[in-house]
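Enquirer: Just a sequence and a predicted model for now, questions to come.
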Amino acid sequence: MTKRTTRKKSMFVADIVKDNKEVEKTSYEAENHSNESSEDMTVSTETSQLSKIEVEEVTVHRYSNSILYRTKPNPIREYYQKVLMNERFYHGYLPLKDATEILKYQPSGHFLVHVTNECGFLNPVVLSVKHYADVIHHALEVGVTGKCYTTKRMFETISHIIEHHVQTGQFIDDSINFRLIAPANLCDWQIKTENVMIMKNVIGTGCFSNVSFALHIDNGKCIEAAVKCPKEVAEVDTVGMMYTEHRLLQQLDCPYIIKPFGVTVFTEIPMMVMEYANGGSLLNYLNDYSIKIKRKFKFCLQIASALEYLKRKNLIHRDIAARNCLVFKSANRVIAKLSDFNLCKEITEEEEDMPYISLRWSAPESLRQCLWSFESDLWMFGVLIWEIFTNALNPHDKANYENTAEFCSYLMEGNTLEMLPEIPLAIQTIILRLNSINPAERGELETVVQELTALLRHVALNVHISSQEKKFHSFSKPALLDDGCPRLLCLSTMKDQKKEKPMAQVNPMPQLQPCETKVEDAMTRNECSVMTARKLKPNNPMREFYRKKLYNESYFHGYLTEKDAYNILKNKPHGYFLVHLTNEHGILKPLVLSVKFDGEVVHHQLNVSILGKCFGKTRVFDSVSDMIAHHVESGEFIEDRIKFQLITAANFSDWQIKTDNVMIIEHDIAQGSFSTVSYGFHIHNNKYIDAAIKYPTDVPWADTIGMMYTEHRLLQQLDCPYIIKAIGMTVFAEIPMMVMEYANAGSLDNCLKKLSFEIKCKIEFCLQIASALKYLKTKKLIHRDIAARNCLLFKDAEKATAKLSDFNLCKEVSEEEKGFPNIPLRWSAPESLIASSFSYKSDLWMLGVLMWEIFTNALNPHDKTNIEDSAEFCSYLLEGNTLEMLPEIPNGIQTIILRLNSITPAKRGEVETVVEELSALLSEC
């Protein structure tokens, strides 16, 4: 569409708007792209200076409807609000969805005009028309002084263009064949400004809105009301969120869910008018009043009934907490109602962005994978019940975790809400079931409603529920007695404490439940060593967007963890820097600027929108490249509080491999728990070198990319002929991959099954792996996953060499872990399974199992015991059961294996002794 101009110039209050050549763009532009835990949330702040400038009246190209704009006061939108206020066709501020809802049942030709943020900051006026069965939205081309343009002519005002087309029946545009017949009437929920009188400002505040007390005048009556006014949040369309919440609440009719009256569509910033909760929030009510236990049961049942109603509507709330429940008091009763539906959505609805979530209220699968379901709502309801019966104590208050990954680890270790004496035992049982790590074990909401109903009846009959009864250590689902009251069971711990255990110097082992499956490849699922703030699919669309944008920049180093960025910069001069991608700050915050500053490496998370704009403290840059170029040239600090300057971009390290230097020939030649391996070539100095390419898989509860980078950092430090060598990482690939030397014979376990090896060759394999462990010991490292499947065989014309690989679980012997690693059940030492204790001695146990595999041609250890449970397998080992010594195992090897598999770690000896013994046996062959 061609731009139109007029000779007339006018004064108008607006942000400075220039074209790309003249730098600045409007600072109102911001995209709704950041979704993190509300407790981890960081919101960018930026200033917006309004200046009086001369603006030649022009129409601006239409913005994409997919762009959402910030909820700042928009002077252009406000201008049209005032100009159109008295027009019958004008419906104030409406999102496109609400305009569609108003018109969808109207006759063809009915229309309305409204303002919105969805068509761009400079194009806020939209004409919505019912055209046969469809509702069409047409962004009007309006100048900053109110003139309205079509392809054929200019009108002095919007009122003129509407009046002209209603009277003549002409089409608005040649390409848009709809006519305007009659304006649509206002709906009951579209409240006029004069019908709301604010009496007290800010009686409540949240992340995205403030609430005031007001009077709503309806049919001549004054009704007490709560008025919700959206806040200005830099990265969130809070007005859009409020309208979405209002649309949803209009569909609901439940006595335990807050009711809306409507929205003040004609105010400068729209506000939602709701029924007023005279008792305030449930959180404050619990803090301020002494509440009888019967009342607490009623509160729980009322909110459970609200959730049951939402479930029938296929809705999940996703923010259930005492602060989001309201109390309504009357002469006869007190009712708790569920409110704050900002995050509520249909169970099947897909989201482009991750929501802000409450850390200490959210289920583990929601924190780790951003998975939401009726079961995740049940988890949050369990936390709410705990709040009600503890008078609104802070959940997990003794755990000082504000980081999502650490808090996930804390939960997965079996830590539960503290069951205080004032919580009835039956309620403890319900809470602990609802807070099961495994979603499938939380039960159904309908069951919870039945249990709470029965308990309330029980309390009403004055049956004393004692919280000091004997605690049960085994948990069973509460069964209903004949009188309809659940048994008063209490689960005091999430740990499985079996009564019949052989005597041994070991600690009880936590029995933690996985999120989805209990047993996978005979691996125990005690805990994952690396947790992430958001669902860590290797394929991250936000990261991929920035990778393409920055690919050719000299300072861009692809995907790096902050530890790798530190290693690159630590020996660089002051002011050297690089920009890299990472998942460590959440899926929507992947860009980090790392700088060498005054002897330290500083990591600064860049605040970048989904369209590439980079937000500094005082201005907005069109791209990350513009921001970097500006600060390199000007020498300015990134922010006032961050006193480092950008001087020179750091060079790439040898291990950072360009994507075009790797060629995959055969996919998936091997598969592991956390990665797949392909065969290909690494092109180096124009030579094609055989290579194995390790590709992280999508594991919901593990940061597989982070694990791979950790493994690569470790392998870089090692130089042993019997340990696999890493060539580097494809840091610029869509999903980073590790390039390693290629084992032409494959894994040792497959070779043992398919090929025939002499005794001497098998002893050599044992000696080679023992030598690798001896080398690791000199580096103070333990492997923790020694097995034939994790050894690779390299064959040439003269000999075969076994090398130790798969260093995912390798760590320094003194390094402390926050969680428990995934460990192979039948290869692990008893102390590792029981107490998660790892040492050189536990590696020796695994070496003993590996030697048994080598001499039995890779039979499965302890194959005759069909045990997949860690506790049962530990009991089996502690009873004295050992690996079966088959006739094909030489006596000297049997002696070593049995010593290495001693229950007492001290009796296993030292790896140096094993190397000497194997060398002696080899010399005798």
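Expert: On my side now, so go ahead. Residues are numbered from 1 along each chain as shown.

Enquirer: what about stretch 730-738, average pLDDT?
Expert: Stretch 730-738 shows a mean pLDDT of 89 in the predicted model.

Enquirer: Then stretch 201-218?
Expert: Mean predicted lDDT for stretch 201-218 stands at 86.

Enquirer: Can you measure across that stretch, start residue to end residue?
Expert: 21 Å (C-alpha to C-alpha, to the nearest Å).

Enquirer: Report the buried residues of it.
Expert: Under the neighbour-count criterion of 16 or more other C-beta atoms under 10 Å, stretch 201-218 has 203-204, 207-217 buried. The C-beta positions use only the backbone N, C-alpha and C, and glycine is treated the same way.

Enquirer: Out of those, which is nearest to Ser609?
Expert: Relative to Ser609, the closest of the buried residues of stretch 201-218 is Phe208; by C-beta to C-beta it sits at 18.0 Å.

Enquirer: Would you confirm that the closest one contacts Pro230?
Expert: Yes: applying C-beta atoms under 8 Å, one finds Phe208 in contact with Pro230, separated by 6.3 Å.

Enquirer: show me where pLDDT drops low in the stretch 351-500 of the chain?
Expert: For the stretch 351-500 of the chain, the stretches flagged by pLDDT under 70 are 352, 460-500.

Enquirer: picking that back up, any shared contact partners between Phe208 and Pro230?
Expert: Common neighbours of Phe208 and Pro230 (criterion: C-beta atoms under 8 Å, 6 or more residues apart in numbering): Thr238, Met241, Met242.

Enquirer: Go through those and give me the one with the most neighbours.
Expert: Counting neighbours by other C-beta atoms under 10 Å, Met242 comes out on top of the shared contacts of Phe208 and Pro230 with 23 neighbours.

Enquirer: In a helix, that one, correct?
Expert: Yes: applying DSSP: H, G, I helix; E, B strand; the rest coil, one finds Met242 inside a helix.

Enquirer: Could you measure from it over to Lys130?
Expert: Distance, Met242 to Lys130, by C-beta to C-beta, to the nearest Å: 25 Å.

Enquirer: now do Glu349
Expert: 26 Å.

Enquirer: try Ala277
Expert: Look at Ala277 and Lys130: by C-beta to C-beta, they are 38 Å apart.

Enquirer: What of Gly635?
Expert: For Gly635, the distance to Lys130 - C-beta to C-beta - is 59 Å.

Enquirer: Same check on Lys298?
Expert: As judged by C-beta to C-beta, Lys298 and Lys130 stand 47 Å apart.

Enquirer: the more surrounded of those two?
Expert: Lys130 (24 against 20).

Enquirer: That one reaches Gln106, doesn't it?
Expert: Yes: under the criterion of C-beta under 8 Å, Lys130 makes contact with Gln106 at 4.7 Å.

Enquirer: which residues are common contacts for the two?
Expert: Common neighbours of Lys130 and Gln106 (criterion: C-beta under 8 Å, 6+ apart): Ala184.

Enquirer: so who does Val662 touch?
Expert: So Val662 contacts Gly680, Phe681, His682, Ile683, Ala691, Ile693, Thr730, Ala733, Met737, Val739 (C-beta under 8 Å, 6+ apart).

Enquirer: For it, name its beta-bridge partners.
Expert: Beta bridges link Val662 to His682 when assigned by DSSP bridges.

Enquirer: distance of it from His165?
Expert: Per C-beta to C-beta, Val662 is found 61 Å from His165.

Enquirer: try Lys259
Expert: For Lys259, the distance to His165 equals 39 Å [C-beta to C-beta].

Enquirer: Which one of the two is surrounded by more residues?
Expert: The neighbour count for Lys259 versus His165, taken as other C-beta under 10 Å, is higher for His165 (20 against 14).

Enquirer: check which helix or strand covers that one.
Expert: In the assignment (DSSP states H and E), His165 maps to helix 158-168.

Enquirer: what's the average pLDDT for that helix?
Expert: The pLDDT scores in helix 158-168 average 88.

Enquirer: could you say what helices and strands it packs with?
Expert: With contacts taken as 3 or more C-beta pairs under 8 Å, 6 or more residues apart in numbering; DSSP states H and E, helix 158-168 sits against helix 75-84, strand 148-149.

Enquirer: redo that, cut-off 10 Å
Expert: Under the contact definition 3 or more C-beta pairs under 10 Å, 6 or more residues apart in numbering; DSSP states H and E, helix 158-168 sits against helix 75-84, strand 90-93, strand 110-115, strand 125-131, strand 141-142, strand 148-149, strand 154-155, strand 182-183.

Enquirer: Out of the ones you listed, which is closest to Asn314?
Expert: strand 125-131 (28.0 Å).

Enquirer: Which is the succeeding secondary structure element to that closest one?
Expert: Scanning forward in sequence from strand 125-131 by DSSP H and E, the next helix or strand is strand 134-139.

Enquirer: Now do that following strand and strand 125-131, the angle between them.
Expert: Interaxial angle, strand 134-139 versus strand 125-131 (axes from the mean of the first three to the mean of the last three C-alpha atoms, to 10 degrees): 160 degrees.

Enquirer: For strand 134-139, C-alpha coordinates in CSV please.
Expert: Provided in CSV are the C-alpha atoms of strand 134-139 (Å, rounded to 0.1, in the frame of the first residue of the first chain):
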residue,chain,number,x,y,z
ASP,A,134,-17.0,-14.8,9.5
VAL,A,135,-15.8,-11.9,11.6
ILE,A,136,-13.3,-9.8,9.7
HIS,A,137,-10.8,-7.4,11.4
HIS,A,138,-9.5,-4.5,9.4
ALA,A,139,-6.8,-2.2,10.8
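
Enquirer: in its sheet, what does that strand sit against?
Expert: Assessed with DSSP bridges, strand 134-139 is paired to strand 125-131 (antiparallel).

Enquirer: How far off centre is stretch 765-779?
Expert: Centre-to-centre, stretch 765-779 and its host chain are 40 Å apart (C-alpha atoms, centre = their mean, to the nearest Å).

Enquirer: Pull out the buried positions in that stretch.
Expert: So, applying 16+ other C-beta under 10 Å, buried residues of stretch 765-779: 765-777.

Enquirer: likewise stretch 402-417?
Expert: Within stretch 402-417, the residues scored as buried using 16+ other C-beta under 10 Å are Thr404, Ala405, Phe407, Cys408, Ser409, Tyr410, Leu411, Met412, Glu413, Gly414, Thr416, Leu417.

Enquirer: so how far is stretch 344-363 off the chain centroid?
Expert: 9 Å.

Enquirer: before we move on, back to that, looking at the helices and strands packed on helix 158-168, which is nearest to Ala306?
Expert: strand 90-93 (29.3 Å).

Enquirer: now the angle between strand 134-139 and the helix or strand that that closest one is followed by, please.
Expert: Where DSSP H and E defines the elements, the next helix or strand beyond strand 90-93 is helix 96-103. Orientation of helix 96-103 against strand 134-139 (the same axes, to 10 degrees) gives an angle of 130 degrees.
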